[in-house]
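Engineer: need coordinates for the following:
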Amino acid sequence: MSEQNGQEQSNRTNRITLEDVAKALEALGITPAEASAGRIRTHLGRGSLTTIQRHLETLRGEQPSRQAMERRVLEEMKGLVPLLTALGESVVSGQYARLLDQYEEELGNAEATIEGLKAEVEALQNQNTALAATLEEQSQTLHQAIQEKDQTIEELRGEVARLTEALRNREETIRLQEARIRELEAAKEALGARIEALVDQLSTLKAAVIKGKEERDDEKPEAEGQGANPPLFGKGDAKPKP
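Structural biologist: Residues are numbered from 1 along each chain as shown. You can find the predicted model right below:
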């Protein structure tokens, strides 16, 4: 926070004002129309080209006002020419004192007009300086806001890239799991078929066992009967009817 305050104080100290540009023009002996922002910056050794250009535009707009003031002063001075001429002609006639008073009055009026115009110009310059400072401050605030927004955009881009990579990894994991599921389902089907075959074999084997047991059970009583009671009739004799 202190570093940021120091930076802001440094920016205010190095800020180019309208007065700085005007003094540079005077030192270079050129008008605002003849000057360029680069030349002024080279002379001052500091400052923003945008700020210097804005001050030049302001001074160029003031130049016609100064020229109008000079024309007004010249017109005031031209009004004194007849008085001076009359003064020379009235020396002999004894009107020197009256004309001299009139001359001094006109000259005082002209000086008052010049002072008034200077005050107006100074007020305009002060207003322009304050406006330029406000614009410079707003420009720096806007620039800072743009930098913060750019930083936020970069952070969002990084987050999007991270999420995209995570989604890609998740999709790859899902694809591998689906392949594994298909393998397990195929194995399950094969195991089911094998179990069915074993069940069939077991059923067949069970039926064979039962049949063999029944056959043995049928043969056992007959064998036992033949051993205890020999047949009364021969193999070829007919059995008596009951």
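
Engineer: so the residue sitting nearest the centre point of the chain is in which element?
Structural biologist: Centroid check for the chain by Cα atoms, centre = their mean gives Asp150 as the closest residue, at 3.3 Å. Remark: Asp150 resides in helix 96-228, with elements defined by DSSP states H and E.

Engineer: just checking, what packs against that helix?
Structural biologist: The contact analysis (3 or more Cβ pairs under 8 Å, 6 or more residues apart in numbering; DSSP states H and E) places helix 96-228 against helix 18-28, helix 49-89. From N, CA and C alone the C-beta is placed, and that goes for glycine too.

Engineer: now the angle from it to helix 18-28?
Structural biologist: 120 degrees (axes from the mean of the first three to the mean of the last three Cα atoms, to 10 degrees).

Engineer: by mean pLDDT, point me to the weakest helix or strand of this structure.
Structural biologist: The weakest-scoring helix or strand in the chain, judged by mean pLDDT, DSSP states H and E, is helix 2-13 (a mean of 51).

Engineer: poorly predicted segments of the protein, please.
Structural biologist: Along the chain, segments meeting pLDDT under 70 span 1-14, 63-76, 78-97, 220-242.

Engineer: ok, Leu28 touching Thr42?
Structural biologist: No - using Cβ atoms under 8 Å, Leu28 makes no contact with Thr42, being 9.9 Å away.

Engineer: give the contact list for the closest residue to Ala132 other than its chain neighbours.
Structural biologist: In this structure, Ala132 finds its nearest non-sequential neighbour in Leu18, 5.6 Å apart by Cβ to Cβ, 6 or more residues apart in numbering. Leu18 is in contact with 55, 58-59, 125, 128-129, 132, counting by Cβ atoms under 8 Å, 6 or more residues apart in numbering.

Engineer: let's see that with 10 Å instead.
Structural biologist: 51, 54-56, 58-59, 62, 125-133 (Cβ atoms under 10 Å, 6 or more residues apart in numbering).

Engineer: could you single out the nearest of those residues to Thr204?
Structural biologist: Comparing those against Thr204 with Cβ to Cβ places Thr51 closest, at 102.6 Å.

Engineer: related to what we said a few turns ago, how far away is the residue nearest to Ala132 from Thr42?
Structural biologist: 18 Å (Cβ to Cβ, to the nearest Å).

Engineer: could you do Leu167 as well?
Structural biologist: Distance, Leu167 to Thr42, using Cβ to Cβ: 55 Å.

Engineer: could you do Ile195 as well?
Structural biologist: Going from Ile195 to Thr42 by Cβ to Cβ gives 94 Å.

Engineer: now Thr134
Structural biologist: Taken as Cβ to Cβ, the span from Thr134 to Thr42 is 27 Å.

Engineer: could you do Thr58 as well?
Structural biologist: Distance of Thr58 to Thr42, given as Cβ to Cβ: 20 Å.

Engineer: of the two, who's got more company?
Structural biologist: Ranked by neighbour count (other Cβ atoms under 10 Å), Thr58 and Thr42 place Thr58 first, with 21 against 11.

Engineer: look up the closest residue to the more buried one, ignoring the ones flanking it.
Structural biologist: Spatial nearest neighbour of Thr58, chain neighbours left out: Asn128 (4.9 Å); criterion: Cβ to Cβ, 6+ apart.

Engineer: contacting residues around the one you found?
Structural biologist: Applying Cβ under 10 Å, 6+ apart, one finds that Asn128 lies in contact with 17-19, 54-55, 58-59, 61-62.

Engineer: among the residues you listed, who's most crowded?
Structural biologist: Highest count within these by other Cβ under 10 Å belongs to His55, 27 neighbours.

Engineer: hang on, that one packs against Lys23?
Structural biologist: No - look at His55 against Lys23 with Cβ atoms under 10 Å: they stay out of range, at 11.1 Å.
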